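Visitor: missing the sequence, but the structure's below:
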């Protein structure tokens, strides 16, 4: 007998060009962020045999364009979607997303757990240069899925919140030398490297080592910079660091790549 009472996930898009993840349970079909055009998100969902018409919830992490680009468009076009963000994020993105129906707008406070029927969602704030960036730990029965990107550093508070998840999307944004030697202005380089910026490949791997547990089976290398990283470099750097610290990559868990234009397979946790 097929068990449909489980959580399924797909990283539809992850990178500096746009971010969208899909989470599904028996009762809900959820998008986390909408950092691409509505048309693109619709096509990415179709490529994993899912329909935008069935999405009932959209969670927003923060107001940067690569996370909220089509929040307003999706809400206006698909009125069944309830949109959640914390109060400061709503204030910061209101002018960007245009007017949406007040009945669709919901406050998801930081550092709380809200119940959505068969899914409990835990919010946690991160250090990032946004109004109040927050990410989420999705709990369904004994399974959990964490998205943790757009963060300058990972304090112990967050490690304890996200430890031993079944699956992660974890930030490995840049290679430090590529960033230092690249074309960005020095002020932007300082912002990315700072405590409210983004994790490098090395920093992402170091933080992962504190979070991985026996339940962890899938890790997505996420939010890769288009200009300051490559898919191969990010994957190999993280893999090498984990292996050098006696983590059995490829056996105990899978290390998976993400892409802005190509979704991951739909994975059952």
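Guide: It's in. Please read these numbers as outputs of a predicted model, since none were measured by experiment.
Visitor: going by C-alpha atoms from here, please, whenever you check contacts or count neighbours.
Guide: Will do.
Visitor: give me the mean pLDDT for stretch 147-157.
Guide: Confidence over stretch 147-157 (mean pLDDT, whole number) is 97.
Visitor: who touches it?
Guide: Applying CA atoms under 8 Å, 6 or more residues apart in numbering, the external contacts of stretch 147-157 come out as 126-128, 135-137, 168-172, 192-199, 203, 207, 222-223.
Visitor: before we move on, what about stretch 5-21?
Guide: 22-26, 31-36, 41, 44-45, 65-67, 140, 143, 169, 173, 222-226, 258-269.
Visitor: just the buried members of those residues?
Guide: Neighbour-count burial (16 or more other CA atoms under 10 Å) applied to the contacts of stretch 5-21 gives 22-25, 31-36, 41, 44-45, 65-67, 140, 143, 169, 173, 222-225, 258-261, 263-264, 266, 269.
Visitor: those residues in strands, which ones?
Guide: Assignment to strands by DSSP state E places the following of the buried ones among the contacts of stretch 5-21 there: 22, 23, 24, 31, 32, 140, 143, 169, 222.
Visitor: turn those into TSV, columns for pLDDT.
Guide: Rendered in TSV, the data for these read as follows (pLDDT from 0 to 100):
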residue	pLDDT
22	98
23	98
24	98
31	98
32	98
140	97
143	97
169	98
222	97
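Visitor: farthest-separated two in the residues you listed?
Guide: 140 and 222 (22.2 Å; CA to CA).
Visitor: just the helices from the stretch 51-200 of the chain, written as ranges.
Guide: 65-68, 71-77, 87-97, 156-162, 176-181, 186-193 (DSSP state H, counting those that start in this stretch).
Visitor: between these, which one is closest to residue 235.
Guide: Residue 235 sits nearest to helix 176-181 of all these, at 14.6 Å, using CA to CA.
Visitor: pLDDT weak spots in the chain?
Guide: Residues of the chain meeting the criterion pLDDT under 70: 1-3.
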